[in-house]
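Participant: structure for the following, please:
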Amino acid sequence: MNEMVKLDAVFEAEHVFDTESSQRFARMAGDLNPMHHDTAHAAASRFGRLIASGTETTARMMGLNATHFAQFGPTVGLEFSFRFRRAVPMEARTLIRWTITEIEPKPDLGTIVACAGTLTLLDTGVIALEGTSKGVLLETA
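Facilitator: A predicted model of the protein is given here:
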């Protein structure tokens with residue numbers, strides 16, 4: 001097992017959901033929901049403004065997870081699960097945080113690492129997204 005990966009370790013990054021970049025991401029992902037693109041439509045909604053796409057919020061969480069573990073060697077994701085609790089407004093400053101919750105060595109494979117994560121709106125402290133992950137740090141020859 002990699003000695004740098006420890007139970008209860010936390011890794012995090014801030015991210016701002018810039019409107020132009022978030023709209024481009026949603027289009028590239030095929031998410032044409034007017035809540036991400038049509039200001040008038042979004043303004044008339046319960047959110048009162050444009051919101052970031054769930055495809056982007058989850059991708060940002062997955063990306064931080066992959067980037068963190070890749071620094072320890074070859075790694076692949078096994079599973080992710082997300083729960084949307086609140087919309088993420090465009091231009092929101094957020095904190096994505098993962099905590100390692102389980103480490104399980106698997107002979108001839110590597111180490112399975114489970115995490116719990118959140119995406120928090122920094123202006124209000126509200127958790128907008130919760131997630132769990134499992135990945136494997138592969139054994140190297």
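Participant: could you check how far the residue most central in space within the chain is from Thr19?
Facilitator: Closest to where the C-alpha atoms of the chain average out (C-alpha atoms, centre = their mean) is Met61, at 1.1 Å. Using C-beta to C-beta, to the nearest Å, Met61 is found at 20 Å from Thr19. Quick note: C-beta positions are derived from backbone N, CA and C, even for glycine.
Participant: make sure I have this right: the residue nearest to the centre of the chain is in a helix.
Facilitator: Yes: according to DSSP: H, G, I helix; E, B strand; the rest coil, Met61 belongs to a helix.
Participant: Thr94 is in contact with that one, correct?
Facilitator: No: in this structure, Met61 is not within contact of Thr94 by C-beta atoms under 8 Å, at 9.9 Å.
Participant: mutual contacts of these two, please.
Facilitator: Counting by C-beta atoms under 8 Å, 6 or more residues apart in numbering, the contacts common to Met61 and Thr94 are Leu119.
Participant: helix/strand/coil for Leu7?
Facilitator: Secondary structure state of Leu7, per three-state DSSP, is coil.
Participant: look up how far Gly110 lies from it.
Facilitator: According to C-beta to C-beta, Leu7 stands 16 Å off from Gly110.
Participant: now Asp123
Facilitator: 39 Å.
Participant: where do the strands sit along this protein?
Facilitator: In the chain, the segments counted as strands under DSSP state E are 10-16, 75-84, 93-106, 110-121, 126-138.
Participant: most tightly packed of the ones you listed?
Facilitator: Mean neighbours per residue, mean count of other C-beta atoms under 10 Å, is largest over these for strand 110-121, with a mean of 20.
Participant: partner strands of it and their direction?
Facilitator: The pairing partners recorded for strand 110-121 under DSSP bridges are strand 93-106 (antiparallel), strand 126-138 (antiparallel).
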